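1. starting from these lines, generate the structure:
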Amino acid sequence: MKKLLALVMTLIMTLAFTAALAVEPAEILGVWYLERLEMAGEAIDAAMLGMEITVELFEDGTAAMSMPGEEPLAGSWRISGEQIFVDAAGDELPFVLADGYLVANDEEEGYAMVFGRDATEVIALAPVREDAVLEDFNGNWTATVVEADGIRAPSAMMGFEVTVWIENGHVAMTAMEETIELDGEVSESVLFAANDEQSLLFFLLEDGMMGCGFAENIIVYFEK
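-> Numbers count the residues shown, from 1 in each chain. Below is the predicted model of the structure:
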């Protein structure tokens, strides 16, 4: 009898603890905005990455997820204990509510996406200069931002260490301890530089940064 009573008391305490941890729907309804990514102990601002991702949870159990350049994904959500599962396009993503943030951990990839209630203000790059001349490109430049398909990330985070030295159209680019040299000229404010194997184009921004098109969908930005 005592063992049965102890078992019942344990079950009651377990249920009470689980209930205390359970998330209330009122806490999570509405729009959530991606605020940052956490990876290897570091937090990366979503604005820096150019990532405008939102998750919206509706009272009827439906959900919507949107991201730049994509059609919004319709889905559903459910609560199981302390976890919130959001199903979008057939993929169920688990979230937890922590300190007022909605957090999704991807253990396989080793990062977490942290959503908050404030809209993300993506950092906009300065306009391209339309009056640049050859001498404006002169100097030593260091890569600071990599942009691929519209998503930007600090070059250091990507392990992308590139420096460029330019003098009157002669370009020396160093990456991975290897240097390539190209020569070019400016046309319509853009420096076109090439050698026998490849060609690159450089352009200046009004805030003093320089961009370089490495491929159709990859741009690297440098600071002098």
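
2. which residue ranges of the protein form helices?
-> For the chain, the helices defined by DSSP state H occupy 2-21, 25-28, 46-49.

3. test my guess that A148 contacts V220.
-> No: checked against Cβ atoms under 8 Å, the pair A148 and V220 is beyond contact range at 9.7 Å. In this view, the C-beta of every residue, glycine as well, is placed from N, C-alpha and C.

4. tell me which of the two has more neighbours.
-> Between A148 and V220, V220 has the larger neighbour count (other Cβ atoms under 10 Å), namely 25 against 15.

5. need the contact list for the more buried one.
-> 143, 145-147, 155, 160, 162, 211-212, 214 (Cβ atoms under 8 Å, 6 or more residues apart in numbering).

6. can you flag the buried ones in these?
-> Taking 16 or more other Cβ atoms under 10 Å as the criterion, what is buried in the contacts of V220 is 143, 145-147, 155, 160, 162, 211-212, 214.

7. could you break this structure into its assigned domains?
-> 18-116, 134-223 (automatic domain parsing).

8. tabulate the ones you listed (JSON lines), appending mean pLDDT and distance to A126.
-> What follows is the domains of the chain, written out as JSON lines (pLDDT from 0 to 100; distance: least, Cβ to Cβ, whole Å):
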{"stretch": "domain 18-116", "mean pLDDT": "84", "distance to A126": "14"}
{"stretch": "domain 134-223", "mean pLDDT": "90", "distance to A126": "4"}
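
9. got TSV for these, with distance to V128 too?
-> Formatted as TSV, the entries for these read as follows, by distance: least, Cβ to Cβ, whole Å:
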stretch	distance to V128
domain 18-116	17
domain 134-223	5
